[in-house]
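>>> Predicted model and sequence below, questions to follow.
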Amino acid sequence: MENNITKDLLAIEAVQLNADNYFTWTSGLKSPIYCDNRLTMSYPAVRKKIVQAFADMVKNSDTKPEVIAGCATAGIPHAAWLAEELDLPMVYVRSKPKGHGKGNQIEGASVEGKKVLVIEDLISTGGSSIQSAEALKQDGAEITAVYSIFTYGLPRAQKAFEEAGFSYESITGFDQLLELLIEENKLTEKEKETVLAWRSEL
């Protein structure tokens, strides 16, 4: 499943890698890889595989969630589809509280005393995912884990999650992508070394 989803992300160009001409992330960081998992929403076959992969991860986890939480914005649809698959309640977490009405940051029923699984589309530095998990925790939730479709596998993300005390897991990621590209002769060993060196410097 992991390998199939990696292939799907490449096929729909949700993930792109270019060792010669780097992409510029929103943060301004130059990167040989760019990931936009919002594209998966438009491909029913791909999104169904993603939901099934998430469901399998839940099945194999020691602590079962009682609520599925989506990170705004790209994590929301996948959280909704997973909640439907597992027949569980769903909430979503804004990046910051609303500036009007009740000023909610978490939308949906109360998560107090509930075991909550956080769904994100992508983990880069881990900042936004951890922020969402912290907001849920402050509202009384017990965070079972943070799941994402893809991870860049940055050392700083692993450190940030460890410091925050949350576990995370991704369906696929940077390393699986590199191996697949090499298997399909779309990436040379030299290019692999270049992008691995880029990641190790972050």
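All right, it came through fine.
>>> Which strands and helices lie in contact with the host helix or strand of residue 129?
Assessed by DSSP states H and E, residue 129 sits inside helix 127-138. Contact here means 3 or more C-beta pairs under 8 Å, 6 or more residues apart in numbering; DSSP states H and E; on that basis helix 127-138 packs against strand 67-71, strand 90-93, strand 115-123, strand 142-151, helix 155-164. Backbone N, C-alpha and C define where each C-beta goes, glycine included.
>>> and residue 108, which of those is closest to it?
Among those, the nearest to residue 108 by C-beta to C-beta is strand 90-93 (3.1 Å).
>>> quick one: the closest one to chain centroid distance?
Distance of strand 90-93 from the chain centroid (C-alpha atoms, centre = their mean, to the nearest Å) equals 15 Å.
>>> Tell me the strands beside it, with direction?
strand 67-71 (parallel), strand 106-107 (antiparallel) (DSSP bridges).
>>> Out of those, which is closest to residue 172?
strand 67-71 (17.9 Å).
>>> Okay, buried residues for the closest one please.
Buried residues in strand 67-71, counted by 16 or more other C-beta atoms under 10 Å: 67-71.
>>> now the residues you listed in CSV, with pLDDT?
Listed next are the buried residues of strand 67-71 as CSV, based on pLDDT from 0 to 100:
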residue, pLDDT
67, 98
68, 98
69, 98
70, 98
71, 97
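>>> tell me the two of the residues you listed that are most distant?
It's 67 and 71 that sit farthest apart of those, by C-beta to C-beta, at 13.7 Å.
>>> which ones are touching residue 48?
Under the criterion of C-beta atoms under 8 Å, 6 or more residues apart in numbering, residue 48 has no neighbours.
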